[in-house]
Every structure is written in C-alpha cells, then in structure tokens.
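Peer 1: Sequence and predicted structure are below.
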Amino acid sequence: MLTRANSKLADIIAEQEAIFVKRQPKSAALADRAKGVLAGGVTSSWQITQPQPVWLSHGSGGKVYDADGNEYVDLHGGYGAGLAGHAHPAIVRAVQAQVERGTHFAQPTENAIVVAGELARRWGLPRWRFANSGTEATMDAVHLMRSYTGRDLIIKVEGGYHGHHDSVQVSVMPDEAEAGPKEHPASVPSSAGIPAAITDLTLIAQFNDLASVARLLDEHPGQVAGMIVEPIMMNAGIIPPVPGYLGRLKELLHDHGALLTFDEVKTGLTVGPGGVTRQSGVIPDLVCLAKSLGGGVAVAAIGGTLPLMDYVASGSYEMVGTFNGNPLAMAAARAMLTEVVTDRAYRRIEGLRQRAAAGISTVLKDFQMNGFVVTSGAKGCVVFSAADVRDYRGFLAVDDSLSHAHWLFQHNGGVFLPPWGKIEQWLISVQHEEPDIDRLVANFRTFAAAIAS
Ligand SMILES: Cc1ncc(COP(=O)(O)O)c(C=O)c1O
C-alpha cells in the first residue's frame with residue numbers, strides 16, 4: 001500500500017505523464033503504427049520509455065525535435081554518444097566527403113592511422129583496433145584476456161553494464177533477493193538465453209572494494225584471466241572510484257597474473273580528453289571506447305599494451321569484423337578527435353558542468369531535498385539519496401520514482417534527459433550553451449517545488 005507521501009508522488013507522476021502524452025499525439029500514432037512491424041514498437045528495448053516512446057524528427061546543435069515539433073535541449077545525448085551535438089559542421093564535412101568517396105571497403109584507409117595515433121597519444125596505450133559498438137569492443141577485450149592468459153574466468157563488478165554479449169550480461173541489475181550476500185555476490189544472468197555454463201565463468205565483485213577482488217583471486221588461483229570494469233561506474237548513476245582504487249586494482253590483478261580492462265565506452269571522451277585513464281594515471285592492459293568517439297557515427301576502439309596487441313598481430317587471437325575501421329566511421333572519428341574535442345571545447349564544457357552542478361545543488365538546498373549532484377566532465381546526474389553511493393548495493397537503495405518524476409518534469413519543460421530513471425546521466429555536448437543549462441536548472445526548480453508542496 002502507498003504511504004501518503006508515495007501516493008502524492010504517484011499523483012504527480014500521473015499528472016506529468018498525462019501532460020507528456022497530450023504534447024505528443026504524433027509520437028503516439030507512430031508508436032501504434034510501429035507495433036505492427038517493430039518488436040515492441042521500437043528499434044532497441046531501451047527506447048521503450050514511460051509513458052510512451054518519443055519519436056524524433058531531427059537534431060540540430062544542442063537541440064532535438066520530436067515528431068510533434070516540440071523542441072528539447074538534448075541532454076539525453078543518445079545514451080552518451082552525443083558529445084559533438086547534432087550536425088556538428090566538422091562531422092558533417094568529414095562524413096559528406098567520405099560518402100562521396102565510398103562508405104565501405106573492408107580494407108584500411110589512412111584515417112585509421114590518424115585516429116589510432118591520436119587515441120594512443122590521449123590514452124597512453126600504443127596499439128589500437130576498431131569495431132562498431134561498445135558490445136563488440138568489450139567482447140573482444142574479454143576474449144583477448146582469456147586467449148592471452150589461457151584462463152576462462154573473468155571478474156566483473158555488480159551493477160556494471162558492458163554491452164549485451166553473454167560473458168558480461170551477468171549481475172547487471174539484479175534485485176536484492178537474487179544478488180546474494182554483498183560479500184559473496186551471486187553471478188546472476190541478466191537476460192534470458194544466457195547459458196549457466198557461461199554465466200558461471202563470470203565472477204562478481206563489488207565496486208570500490210579491493211577485498212572482494214582479492215577474495216575471488218584467492219578462491220580461484222591461476223584461473224582468472226582478468227577483470228573488466230568501468231573506471232567510473234556510469235550505469236548506476238555516476239559512482240566514482242575511491243582514491244587509489246584503480247591503481248591498486250591493477251597491481252592486485254597483475255600480482256595474480258590477471259589483466260585489467262577499462263570499459264570507457266561511456267566515460268571515454270565525455271569525462272576528458274583521454275578518459276578516466278588519463279585522469280587517473282592508471283593505464284590498464286586494455287581500454288574499450290565507443291559511443292562518443294564517432295561524433296554520432298557508430299564506431300568502437302580497443303587499445304592495448306604491446307604484449308597484448310602483438311599477440312593480436314601474430315594472429316594468435318583473431319580480432320575481426322567486416323565493418324571494423326569502416327571508412328565512414330574513421331572519417332567521423334578523425335574529425336571528432338582533431339576538430340571537435342579540442343581543449344577549448346573541454347573548457348566550455350567545464351563551465352557548463354559547474355553551472356549545472358551549482359544550479360541544481362542550490363535548488364536541492366533551497367527545498368531541503370535529499371539528494372546530491374555527481375558530475376564528471378560532460379556527464380552528470382542527481383542522486384536522490386541522503387547517503388553516499390559507493391557501489392551497486394548503495395545504488396539499489398536509491399529511490400527511483402523521484403528520478404522518473406524528475407525526468408518527466410524535464411521532458412515536459414523542454415529538456416530531454418536519458419530515460420531509465422536513476423540509471424542514466426545527462427551529457428552536455430560541445431554545442432550546448434548557458435541558456436540550455438539554465439533551462440535544466442529551472443525545470444529542476446519546478447520539479448522540486450512540486451515535490452515539496
Ligand atoms: C559502459 C558500457 N559499455 C558497453 C556498452 C555497450 O555499448 P553498445 O550499446 O554500443 O553496444 C554500454 C552501453 O550503454 C556501456 O554503457
């Protein structure tokens with residue numbers, strides 16, 4: 001049964017959902033039509049939002065426009081891919097020029113050398129390969145760690161998302177009942193269709209907890225190939241690493257002959273010019289990038305140390321794909337790295353980051369709301385909790401209904417945040433401006449006032 005406070009929140013959500021639906025009759029009609037030909041009426045299950053999917057018409061700069069013509073400040077950023085904003089002139093130029101010269105050869109083009117060189121400079125890892133999605137990149141990283149070490153087990157963090165391949169679709173969002181004790185978490189398949197034989201090869205540790213990794217390494221001596229981890233967790237709001245965690249994690253794994261992969265698919269260029277790797281000074285054995293790297297074009301990259309990438313070069317592990325290093329993706333990634341994510345762009349983003357964090361923090365204080373703002377470069381979110389969140393168990397305790405209500409208020413107020421409540425973050429693009437952030441903060445104030453009233 002709902003408490004009085006919860007029933008008030010439910011009423012607020014119902015009211016906002018009604019406004020949402022009223023503003024978007026064309027989206028509703030498209031969603032209806034789509035159900036006849038698209039499973040669930042969408043092109044990816046993550047596009048099923050409540051109360052209904054939002055169908056977009058186009059994007060320009062820092063804005064997107066829905067099928068009904070409503071304008072939004074786009075802080076959804078295509079789930080973290082939209083760092084360049086929409087139709088950035090440098091990306092448009094590069095892609096247009098490449099389209100006219102051919103979009104696919106399955107043979108390397110010179111841009112791949114420029115992109116790999118720039119990634120090597122930024123991430124401090126000497127050799128690179130390319131793929132098409134974050135899932136492909138982390139799949140190759142896991143395969144490579146296993147192949148190189150000759151070991152089958154991997155460690156991943158509870159609540160970490162690394163794409164939709166079998167080895168990492170484990171304990172992504174388990175509920176408390178199935179997750180097992182915090183000190184001894186279970187390996188829970190995150191989707192139907194993942195054989196137990198594979199799930200059992202993925203061991204689960206807690207983020208920010210070296211002891212949980214040490215325990216797994218001790219329990220399985222000589223059997224762990226490596227660990228894959230988001231160096232800042234970004235599929236559970238934003239959970240930063242505690243000081244020293246990443247460096248000591250690398251030492252611990254190496255002491256046991258195991259490797260470390262940083263999944264920087266989400267963090268990557270969004271947190272800074274060389275991702276968390278450069279910020280922390282901890283260079284892992286492998287790094288996976290995707291999302292923002294292509295300026296809106298599908299591309300992924302895997303960087304590695306010389307021993308690992310020489311192993312790939314020798315053919316001992318076949319890292320392959322028809323569209324790997326596709327010329328269109330390479331042209332876009334080159335433009336992204338050399339023309340879009342410049343030092344000047346990062347300085348602008350830093351100003352906007354501070355503006356958003358300060359503005360929302362002030363509102364939280366004004367209304368004495370439980371919550372805090374966490375940011376990292378272009379990324380940020382509000383965590384509706386009085387307690388600090390250091391790992392997935394802490395994240396589980398955070399109230400999700402407030403996040404959903406916040407999302408609705410932002411949406412109805414013309415700011416498109418990523419859906420999925422407390423899981424996702426905003427992404428500021430290089431094309432956003434101060435009024436965009438001011439709209440975010442103003443909507444947050446309207447939301448807070450409604451909750452407090
Ligand atoms: C950290 C992380 N790794 C990997 C992936 C998978 O990327 P993709 O959806 O491009 O396959 C995601 C997607 O959200 C992600 O957040």
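Peer 2: Cool, the structure landed.

Peer 1: So which other helices or strands are in contact with the longest helix along the chain?
Peer 2: If each helix of the chain is counted by residues according to DSSP state H, the longest one is helix 343-366. Applying 3 or more CB pairs under 8 Å, 6 or more residues apart in numbering; DSSP states H and E, we find helix 343-366 packed against strand 372-376, strand 379-383, helix 434-452. Placement of C-beta: from N, CA and C, glycine included.

Peer 1: The ligand contacts on the stretch 1-150 of the chain?
Peer 2: Tyr79, Ser133, Gly134, Thr135, Thr138 (CB under 6 Å from any ligand atom).

Peer 1: Out of those residues, which is nearest to Gly193?
Peer 2: The closest of those to Gly193 turns out to be Thr135 (CB to CB; 14.8 Å).

Peer 1: that's a helix at that closest one, yeah?
Peer 2: Yes: using DSSP: H, G, I helix; E, B strand; the rest coil, the assignment for Thr135 is a helix.

Peer 1: measure it to Gln169 for me?
Peer 2: Using CB to CB, to the nearest Å, Thr135 is found at 10 Å from Gln169.

Peer 1: And for Gln425?
Peer 2: Distance from Gln425 to Gln169, by CB to CB: 21 Å.

Peer 1: Quick check, the residue in the stretch 251-400 of the chain closest to the ligand?
Peer 2: Closest to the ligand within the stretch 251-400 of the chain is Val265: 3.5 Å, counting by CB to the nearest ligand atom.

Peer 1: same check, this time on the chain
Peer 2: Gly134 (2.2 Å).

Peer 1: residues touching that residue, list them.
Peer 2: Gly134 makes contact with His162, Gly163, Asp263, Val265, Lys266, Cys288, Ala290, Lys291, Ala300, according to CB atoms under 8 Å, 6 or more residues apart in numbering.

Peer 1: Need the pLDDT of it.
Peer 2: Model confidence at Gly134, given as pLDDT, is 98.

Peer 1: go on, His406?
Peer 2: 97.

Peer 1: What distance do you get for Glu219 to Tyr245?
Peer 2: From Glu219 to Tyr245 the distance is 21 Å (CB to CB).

Peer 1: Give me the more crowded residue out of these two.
Peer 2: Ranked by neighbour count (other CB atoms under 10 Å), Glu219 and Tyr245 place Tyr245 first, with 19 against 12.

Peer 1: Thr135 and Gln169: which has the busier surroundings?
Peer 2: For Thr135 versus Gln169, neighbours defined as other CB under 10 Å are more numerous around Gln169 (22 against 19).

Peer 1: Ala192 is in contact with the more buried one, correct?
Peer 2: No: between Gln169 and Ala192 there is no contact under CB atoms under 8 Å: 10.1 Å.

Peer 1: Tell me the residues of the stretch 201-350 of the chain that contact the ligand?
Peer 2: Counting by CB under 6 Å from any ligand atom, the residues of the stretch 201-350 of the chain near the ligand are Glu230, Asn235, Asp263, Val265, Lys266, Ala290.

Peer 1: Kindly state the pLDDT recorded for Val271?
Peer 2: In this prediction, Val271 carries a pLDDT score of 98.

Peer 1: Kindly report the same for Ser453.
Peer 2: 87.

Peer 1: Relative to Ser401, how far out is it?
Peer 2: 17 Å.

Peer 1: Now the helix or strand hosting Ala335 - C-alpha only, PDB.
Peer 2: Using DSSP states H and E, Ala335 sits within helix 327-335. Output in PDB follows, covering the C-alpha atoms of helix 327-335 (Å, rounded to 0.1, in the frame of the first residue of the first chain):
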ATOM      1  CA  PRO A 327      36.000   4.500 -43.800                       C
ATOM      2  CA  LEU A 328      32.900   6.500 -42.800                       C
ATOM      3  CA  ALA A 329      33.400   5.800 -39.100                       C
ATOM      4  CA  MET A 330      37.200   6.600 -39.400                       C
ATOM      5  CA  ALA A 331      36.500   9.900 -41.100                       C
ATOM      6  CA  ALA A 332      34.000  10.800 -38.400                       C
ATOM      7  CA  ALA A 333      36.300   9.700 -35.600                       C
ATOM      8  CA  ARG A 334      39.200  11.700 -37.100                       C
ATOM      9  CA  ALA A 335      37.100  14.800 -37.200                       C
END
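
Peer 1: what number of residues lie near the residue nearest to Leu286 when sequence neighbours are not counted?
Peer 2: Leaving aside its sequence neighbours, Leu286 sits nearest to Thr261 (CB to CB, 6 or more residues apart in numbering; 4.3 Å). When neighbours are defined as other CB under 10 Å, Thr261 has 29 of them.

Peer 1: And for the one 3 residues further on?
Peer 2: Per other CB under 10 Å, the neighbour tally for Glu264 reads 31.

Peer 1: contacting residues around the residue nearest to it when sequence neighbours are not counted?
Peer 2: With CB to CB, 6+ apart as the criterion, Glu264 has its nearest non-adjacent residue at 4.4 Å, and that residue is Gly275. By CB under 8 Å, 6+ apart, the residues touching Gly275 are Arg122, Trp123, Pro231, Phe262, Glu264, Thr267, Gly268, Leu269, Val287, Leu289.

Peer 1: Next up, phi/psi of Gly275, please.
Peer 2: Per-residue torsions, Gly275: phi 60, psi -160 (degrees, to the nearest 10).

Peer 1: pLDDT score assigned to it?
Peer 2: 98.

Peer 1: what's the answer for Leu2, then?
Peer 2: 39.

Peer 1: ok, how many other residues are close to the closest residue to Ala298 other than its chain neighbours?
Peer 2: With CB to CB, 6+ apart as the criterion, Ala298 has its nearest non-adjacent residue at 5.2 Å, and that residue is Asn132. By other CB under 10 Å, 20 other residues sit near Asn132.

Peer 1: go on, the one 5 residues further on?
Peer 2: The local packing count at Ala137 equals 30, with neighbours defined by other CB under 10 Å.

Peer 1: Equivalent analysis for the one 4 residues further on, please.
Peer 2: Neighbouring residues of Ala141 were enumerated by other CB under 10 Å; the total is 31.

Peer 1: Hmm, Val92 and Val340 touching each other?
Peer 2: No: here Val340 does not reach Val92: they are 11.2 Å apart, not a contact under CB under 8 Å.

Peer 1: higher neighbour count, those two?
Peer 2: Taking neighbours as other CB under 10 Å, Val340 and Val92 compare with Val340 leading, 23 against 16.

Peer 1: Show the contacting residues for the residue lying closest to the more buried one once chain neighbours are set aside.
Peer 2: Residue nearest to Val340 in three dimensions, not counting chain neighbours: Ala84, with 5.0 Å by CB to CB, 6+ apart. The contact partners of Ala84, taken as CB under 8 Å, 6+ apart, are Ala90, Ile91, Ser292, Gly295, Gly296, Met336, Val340, Val341, Ser429, Val430, Gln431.
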